[in-house]
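Q: I'll drop the sequence and a predicted model, then ask my questions.
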Amino acid sequence: MSNVIHDTVLHGSSCVNLARVADYEDELPLAVDSITYSIKQEVGQDVFEAVAGHTDEPVSIVDCLFTDLQTDSRWTADATGYNFRHLVPIDEADAFPVPGIYWVRYRFEPAAGQPFVIAFRLRAL
């Protein structure tokens with residue numbers, strides 16, 4: 001399974017990122033110590049600029065990582081569901097200030113074992 005999810009967002013707005021997240025053993029990550037996210041804009045081939053206010057920001061584990069898979073109307077990828085949902089905050093800093101390609105990268109630090117990353121490649125219109 002890919003760790004990169006592709007989607008579209010409107011510049012100047014926020015987005016809700018949904019994913020089914022599993023550790024390297026393909027188990028749901030029930031013991032995660034921390035999650036952070038960063039957003040970078042792709043400004044050239046292999047050239048990225050950090051988006052102000054969205055670098056190594058903490059994500060609430062309790063609010064975003066679920067022990068059970070969710071199968072509500074937000075998830076349309078398959079019948080299995082998602083266990084990670086994060087609303088990118090824009091109350092203090094725009095997340096996608098201008099049209100372009102953005103990468104939202106989430107780093108999961110499990111209680112034991114290797115950290116892992118999922119990323120969303122978003123085209124802002």
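A: Perfect, thanks for sending it. Because the structure is predicted, anything quoted here is derived from the model rather than measured. Residues are numbered from 1 along each chain as shown.
Q: show me what residue 39 is bridged to.
A: Taking DSSP bridges as the rule, residue 39 bridges to residue 104.
Q: same deal with residue 122?
A: With DSSP bridges as the rule, residue 122 is bridged to residue 7, residue 102.
Q: can you read off the pLDDT for it?
A: Here the pLDDT value assigned to residue 122 is 96.
Q: burial measure for it, as a count.
A: Counted with other CB atoms under 10 Å, the neighbours of residue 122 add up to 25. In short, each C-beta sits where N, CA and C put it, glycine included.
Q: just checking, it touches residue 100?
A: No: here residue 122 lies out of contact with residue 100, judged by CB atoms under 8 Å, at a distance of 9.4 Å.
Q: how much space between residue 50 and residue 105?
A: Residue 50 is 11 Å from residue 105, where distance means CB to CB, to the nearest Å.
Q: now do the shared contacts for these two.
A: Shared contacts of residue 50 and residue 105 (CB atoms under 8 Å, 6 or more residues apart in numbering): 38-40.
Q: tell me which of the residues you listed is nearest to residue 109?
A: Nearest to residue 109 among those: residue 38, at 13.9 Å, using CB to CB.
Q: related to what we said a few turns ago, pick out whichever of residue 50 and residue 105 has more residues nearby.
A: residue 105 (18 against 12).
Q: which residues does that one contact?
A: Residue 105 touches 37-40, 117-120, counting by CB under 8 Å, 6+ apart.
Q: let's see that with 7 Å instead.
A: 37-38, 117, 119 (CB atoms under 7 Å, 6 or more residues apart in numbering).
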